[in-house]
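> Test case, fold it:
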Amino acid sequence: MEYLSLFIKSIFVDNMVFAFFLGMCSFLAVSKNVKTASGLGLAVIFVLTVTLPLNYLLYEYILKPGALTWVSESFATVDLSFLSYIVFIATIAAFTQIVEMVVEKFAPGLYSSLGIFLPLIAVNCAILGGSLFMQERGYANVGEVCCFGLGSGIGWFLAIVTMAAIREKLAYSNIPNGLKGLGISFIITGLMGIAFMSFMGIQL
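This is a model prediction of the structure:
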């Protein structure tokens, strides 16, 4: 039940886009059609789900204060937490490269549509934010981290696909010239953020 609660909360209550506004650059740039948005969303789910447990293990057994006691008791005072940003980003970049190669090989059309935003997953603040939230919140085990990573990825996927569907419909709407493009997109994002606040009442 605890895992389910964390999973649901990661998707709706702590949504990376609508609760923390992380990953907005990719969110706004790629959410022009549902197919492209879905492809990027699936890539984000994969990278978050894989890199968060890896970063958790690296932090727990290498980086955090006293983590190296499994090597020797003489390392009990060693604190490598200042390397967290570098290590987290390196892990994310490595798996982003794997995703990029797989998409280029098996879905060249999607790879062309995503353009520069696929490799930019490596510096997507939603991805790094997941690892930093994991570090800050001190999850108890890998299972909780996996639930959080998968839920956060699905939440980001849900946000960008929903936004893409709305923007496709907006193409047939009569929007004032001053609000066309990013203007109306920002307004919709804010309204969706307010709508997602209703999920804060979820009790599991």
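> next structured bit after the lowest-mean-pLDDT helix or strand in the chain?
Lowest on mean pLDDT, DSSP states H and E among the helices and strands of the chain sits helix 108-114, with a mean of 78. Following helix 108-114 in sequence order, the next helix or strand is helix 125-137 (DSSP states H and E).
> Please list the outside residues in contact with that next one.
Residues outside helix 125-137 that contact it (CB atoms under 8 Å, 6 or more residues apart in numbering) are 14, 16-17, 20, 22-23, 44, 47-48, 51-52, 55-56, 59, 84-85, 88-89, 91-92, 121, 145, 148-149, 152, 156. (C-beta placed from N, C-alpha, C; glycine too.)
> Can you show me the helices along the protein?
Ranges of helices within the chain are 2-8, 24-30, 34-58, 84-106, 108-114, 125-137, 142-170, 182-196, based on DSSP state H.
> before we move on, back to that, list only those of the contacts of helix 125-137 flagged as buried.
Neighbour-count burial (16 or more other CB atoms under 10 Å) is assigned, among the contacts of helix 125-137, to 14, 16-17, 20, 22-23, 44, 47-48, 51-52, 55-56, 59, 84, 88-89, 91-92, 121, 145, 148-149, 152, 156.
> quick one on the thing from earlier: can I get the least confident helix or strand of the chain in PDB, CA atoms only?
Taking Å, rounded to 0.1, in the frame of the first residue of the first chain, the C-alpha atoms of helix 108-114 are listed here in PDB:
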ATOM      1  CA  PRO A 108      14.300   7.200 -37.400                       C
ATOM      2  CA  GLY A 109      11.100   9.200 -38.000                       C
ATOM      3  CA  LEU A 110      10.600   9.800 -34.300                       C
ATOM      4  CA  TYR A 111      14.300  10.500 -33.900                       C
ATOM      5  CA  SER A 112      14.000  13.200 -36.700                       C
ATOM      6  CA  SER A 113      10.900  14.700 -35.100                       C
ATOM      7  CA  LEU A 114      12.400  15.000 -31.600                       C
END
